[in-house]
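>>> Predicted model and sequence follow; I will ask about them next.
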Amino acid sequence: MEYAQLLESRRSIRKFKPGMKISEDQIKEMIDAAIQAPTWKNSQTGRYYVALSEEKMNFIRNQSLPSFNAANCENAVAIIITAYETKRSGFERDGNPTNELGDKWGVYDLGLQNENLILKAREIGYDTLIMGIRNVDMLKSEFDIPESQEIVSIISVGVREADAEKPKRKTPDDITRFF
């Protein structure tokens, strides 16, 4: 798929087709694409926790997401918890922040990685929805996520039931200033 077509066809999908499957190798392809994203001083702090079993996906849906997001990931083939290792991205080796953003670089880096992941998902025939409202404590406990990691988002993966309409986007003229 051409890059422009990939960007044009990617949507946040809230209704997935039932009965679909995904393999661990396909998930690894998506995560490998995420790994290719640039990170602060090549710190590579992104971490991924993948629920493939119905039991783990149900836990996320029923125990860790608000009801509207739980409904949005019905029939997902996988649900991915994305996190980053804190106190690495944006910091010097002595533990001091490099600039005023400090630990916020970890969120930035993970955002770049997640974009690569969702574009790769689309390229190999899957769709995604990134969700930010979640119960961090329950997820950390259930998936044994260390306290040194900050959960940023939950990404549901599936095959779209129907095409989603593209929302209106701003133009470069709307958001750019040249000097």
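Received, thanks. What you see is a predicted model; the values in this text were computed from it and never measured.

>>> Select the longest strand from this structure.
Ranked by number of residues, the top strand in the chain under DSSP state E is strand 149-158.

>>> Tell me the gap between it and the middle of its chain.
Offset of strand 149-158 from its chain centre (C-alpha atoms, centre = their mean, to the nearest Å): 5 Å.

>>> got the CA coordinates for the next helix or strand along the chain from that strand in CSV?
Next helix or strand after strand 149-158 toward the C-terminus (DSSP states H and E): helix 172-175. Coordinates of the C-alpha atoms in helix 172-175 are reproduced here as CSV (Å, rounded to 0.1, in the frame of the first residue of the first chain):
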residue,chain,number,x,y,z
PRO,A,172,-1.5,23.4,6.3
ASP,A,173,-2.6,27.1,5.9
ASP,A,174,-4.8,26.7,9.0
ILE,A,175,-2.0,25.6,11.3
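
>>> Surely Phe59 touches Leu65?
No. With contact defined as C-beta atoms under 8 Å, Phe59 does not reach Leu65; the gap is 10.0 Å. To be clear about C-beta, it is placed using only N, CA and C from the backbone, and glycine gets the same treatment.

>>> Neighbour count: those two, which is higher?
Each of Phe59 and Leu65 has its neighbours counted (other C-beta atoms under 10 Å); Leu65 has more, 23 against 18.

>>> Now that one: closest residue in space that isn't a chain neighbour?
In space, and not counting its chain neighbours, Leu65 is closest to Arg134: 5.9 Å by C-beta to C-beta, 6 or more residues apart in numbering.

>>> Could you pull up the residues touching that neighbour?
Counting by C-beta atoms under 8 Å, 6 or more residues apart in numbering, Arg134 makes contact with Ser64, Leu65, Asn69, Ile151, Ser153, Ile154.

>>> any chance of those residues in CSV, with pLDDT and distance to Asn99 too?
As requested, those are exported to CSV (pLDDT from 0 to 100; distance: C-beta to C-beta, whole Å):
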residue, pLDDT, distance to Asn99
Ser64, 96, 33
Leu65, 97, 34
Asn69, 94, 34
Ile151, 97, 24
Ser153, 97, 24
Ile154, 98, 29
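
>>> hmm, which two among those residues are most spread apart?
Spatial extent of these (C-beta to C-beta) is set by the pair Asn69 and Ile151 at 14.1 Å.

>>> Looking at these two, which is more packed in?
Ile151 (22 against 19).

>>> The more buried one and Val136 touch, don't they?
Yes. Contact criterion C-beta under 8 Å: Ile151 and Val136 qualify, at 5.0 Å.

>>> The protein: strands as residue ranges?
Counting by DSSP E, the strands of the chain are 46-51, 78-85, 127-131, 149-158.
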